[in-house]
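Enquirer: how does the following fold in three dimensions:
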Amino acid sequence: MSEIIYGIHAVKALLERDPQRFLEVFILKGRDDRRLQPLIAELEATGIVIQVANRQWLDEKVEGAVHQGIIARVREGRKYQENDLPGLLESVETPFLLVLDGVTDPHNLGACLRSADAAGVHAVIVPRDRSAQLNATAKKVACGAAENVPLISVTNLARTLRLLQEKNIWIVGTAGEADH
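Expert: Predicted structure coming up:
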């Protein structure tokens, strides 16, 4: 299976973290600027095939999103599941997790991943249902953080929070609807 990622930061982050996942890269015909050229050089040095495409073709592939003149078709990354959580908790001395509920916009999910990565979060936990998916839009907004921070989908958020409590992990909650 393959997926599409786009945007300079998302492509660069994946190249640095897992270059074997790249299948092919498409760049905008005529795009020759100082932001894209170093990335193209890195891709070529790794032996990744780069093809030139027109704007209409690129726009269609990303359904009109802002691709910054670069799109990559890559092998799907690892999908983390609920049963990966205990192993993750055991692998770090003091787990630092971000639990999100009600984040349904991929732009917001990407921004949360980016902030989580900057803060040193070990994993982000979301409910499987009624949550934004980790799609190309979320990955672009995450600026590479989606490749660094595992996103774990769980069936029951309340049960997961109880599991964290049982493991003596401190839980702090916030809500946008709070009065104080």
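Enquirer: how about the secondary structure of the residue nearest the centre of the chain?
Expert: When CA atoms, centre = their mean is applied to the chain, the residue found nearest the centroid is residue 146 (2.2 Å). When classified by DSSP: H, G, I helix; E, B strand; the rest coil, residue 146 comes out as helix.
Enquirer: now for it: which residues touch it?
Expert: The contact partners of residue 146, by CB atoms under 8 Å, 6 or more residues apart in numbering, come to 10, 13, 110, 113, 134, 138-139. Quick note: C-beta positions are derived from backbone N, CA and C, even for glycine.
Enquirer: now render those as CSV, adding pLDDT, distance to residue 72 and secondary structure.
Expert: As requested, the contacts of residue 146 are arranged in CSV below (pLDDT from 0 to 100; distance: CB to CB, whole Å; DSSP: H, G, I helix; E, B strand; the rest coil):
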residue, pLDDT, distance to residue 72, secondary structure
10, 90, 8, helix
13, 89, 11, helix
110, 96, 17, helix
113, 97, 18, helix
134, 93, 16, coil
138, 94, 16, helix
139, 91, 11, helix
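Enquirer: could those go into TSV alongside distance to residue 159 and neighbour count?
Expert: Shown next, in TSV, are those (distance: CB to CB, whole Å; neighbours: other CB atoms under 10 Å):
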residue	distance to residue 159	neighbour count
10	32	28
13	32	21
110	26	25
113	23	27
134	22	22
138	25	25
139	28	28
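Enquirer: now distance to residue 37 too, for those, in JSON lines please.
Expert: Converted to JSON lines, those look like this (distance: CB to CB, whole Å):
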{"residue": "10", "distance to residue 37": "17"}
{"residue": "13", "distance to residue 37": "18"}
{"residue": "110", "distance to residue 37": "25"}
{"residue": "113", "distance to residue 37": "27"}
{"residue": "134", "distance to residue 37": "29"}
{"residue": "138", "distance to residue 37": "27"}
{"residue": "139", "distance to residue 37": "22"}
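Enquirer: now do the strands in the protein.
Expert: 2-6, 22-28, 50-53, 70-75, 80-81, 97-99, 123-127, 151-154 (DSSP state E).
Enquirer: arrange these in JSON lines, one row each, with mean pLDDT and distance to residue 64 as further columns.
Expert: Shown next, in JSON lines, are the strands of the chain (pLDDT from 0 to 100; distance: least, CB to CB, whole Å):
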{"stretch": "strand 2-6", "mean pLDDT": "92", "distance to residue 64": "11"}
{"stretch": "strand 22-28", "mean pLDDT": "96", "distance to residue 64": "14"}
{"stretch": "strand 50-53", "mean pLDDT": "96", "distance to residue 64": "15"}
{"stretch": "strand 70-75", "mean pLDDT": "95", "distance to residue 64": "13"}
{"stretch": "strand 80-81", "mean pLDDT": "90", "distance to residue 64": "29"}
{"stretch": "strand 97-99", "mean pLDDT": "96", "distance to residue 64": "30"}
{"stretch": "strand 123-127", "mean pLDDT": "96", "distance to residue 64": "26"}
{"stretch": "strand 151-154", "mean pLDDT": "96", "distance to residue 64": "25"}
